[in-house]
Structure formats: structure tokens, C-alpha cells
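Peer 1: give me a model of this one.
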Amino acid sequence: MLSTISVGYLFTNSVHLIWESLRKVYSQRENNARIFQLSNEIGNFKQGTHTLGVYYVRLRSSWEELSHYDSFIKWPASIPRKKVLTLPTAATIYAKIVEKTQVFKFLAGLKLDFEYARVHLLDRTHFLTLEEAHAYYLSDQSRLSLTPPIFGIPSEPSVMVVRYAYPVPPSVP
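Peer 2: Numbering: from 1, shown residues only. Okay, here's the model as predicted:
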């Protein structure tokens, strides 16, 4: 603790009181300007020229910082009872929504090279977590780097779908 801060707590006899006081002063839990800035950065960030790893880490660290501000929300606590089926709490449902939104944003910002993998991932019945999606794309990236391009065939998966879905253009009378 900085000496200028610690002087104010020299005679406080409880660590809990010190912690609560410091949390109230320095937590910035209502830093709406930073929350707005983070939300915009996350919304506008694309993979672009970044590697898959850099893209993933940058998004993940921004979401971690944003979740710091969300952690101050007071969620109602439920008391689990024995042999009683409990429904998911609002916090559990919210966490799943946030995680799915993060995966969608991750997928939306990827390069077009990953279009085939993106379609495959979105078509799955079991929706992957952010970490699982990242691992899936890492394996797809290594697969793409091992496969040499075949000349005469487009390398973009979306172009391949269009080209091979309609192999012969319709004749015009």
C-alpha cells in the first residue's frame, strides 16, 4: 500500500474495515465512461491483420475488464434445499447469455479464411464456450496452413459454395 494511503489507516484495527474503505474509494464501480469505452472497443474490434492469438487475447482481456464492473451487481442469493430441483438463478442465466454473446462477437470478427469453420461451429447443437471456440479455430488454422492451395479452385470457402452450388450458369435464350 502506498505510504500516503496507509497513513490514513494506521490505527484501524480491522483488515476488513480497511478493505471496505479502500474498495469504496478506489473500486471505480460506476466508471460509466470506461464501461462505454470498453463496449465500443469490443464492438468495433476485428481480427484484421492480427494473429488469431492476439485477436483472442485482446477480446478476452477487454471482456475480463468489463466483467470487473459487472461483478458489482448484487444478484439475489438462492438457498439450495435437499432433494429439490432448483431452477437456474438469474445470475446463471445472465452468465450464459454473456458467454454466448462473447462467442458471437469472437466469430463475427474473424477473417474470411475461417468462414467454413464459423458455419460449422454455428451449426452445432452443443454451443461451444469461448475457450472451446478458440481451440477449434486454432486447429482449423493449423489445418489450413498444412493444406496447399489447389490452383484453379478458389480458396475462399464462401466462394467455393457459390461456385459449386451452381456449376453451370443458366443458359439465356
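Peer 1: show me which residues of the strand or helix carrying residue 35 are buried.
Peer 2: Assessed by DSSP states H and E, residue 35 sits inside helix 32-44. For helix 32-44, the neighbour count (16 or more other CB atoms under 10 Å) marks 35, 38, 42 as buried. C-beta: built from backbone N, CA, C; applies to glycine.
Peer 1: just the residues contacting the helix or strand following it, thanks.
Peer 2: Counting by DSSP H and E, the element after helix 32-44 in chain order, helix or strand, is helix 52-70. Residues outside helix 52-70 that contact it (CB atoms under 8 Å, 6 or more residues apart in numbering): 28-29, 31, 34-35, 38-39, 41-42, 45, 47, 50, 98, 102, 105-106, 109-110, 130, 134, 137-138, 141.
Peer 1: show me what counts as buried in helix 52-70.
Peer 2: The neighbour-count check on helix 52-70 (16+ other CB under 10 Å) flags 52, 55-56, 58-59, 62-63, 66, 68-69 as buried.
Peer 1: before we move on, the earlier item: and which of the buried residues of helix 32-44 is nearest residue 126?
Peer 2: Nearest to residue 126, judged by CB to CB, of the buried residues of helix 32-44 is residue 42 at 24.9 Å.
Peer 1: now the chain, which segments are flagged as low pLDDT?
Peer 2: Flagging of the chain using pLDDT under 70 yields the residue ranges 1-2, 27-32, 70-87, 147-173.
Peer 1: quick check: closest non-adjacent residue to residue 138.
Peer 2: Nearest non-adjacent residue to residue 138, counting by CB to CB, 6 or more residues apart in numbering: residue 52, 6.5 Å away.
Peer 1: for the nearest residue to residue 122 once chain neighbours are set aside, grab the count of nearby residues.
Peer 2: Excluding the flanking residues, the one nearest residue 122 by CB to CB, 6+ apart is residue 107, at 7.1 Å. Neighbour count of residue 107, defined by other CB atoms under 10 Å: 17.
Peer 1: helices or strands next to the helix or strand containing residue 107 in the packing?
Peer 2: Element membership of residue 107 [criterion: DSSP H and E] is helix 90-108. Applying 3 or more CB pairs under 8 Å, 6 or more residues apart in numbering; DSSP states H and E, one finds that helix 90-108 contacts helix 52-70, helix 115-122, helix 130-146.
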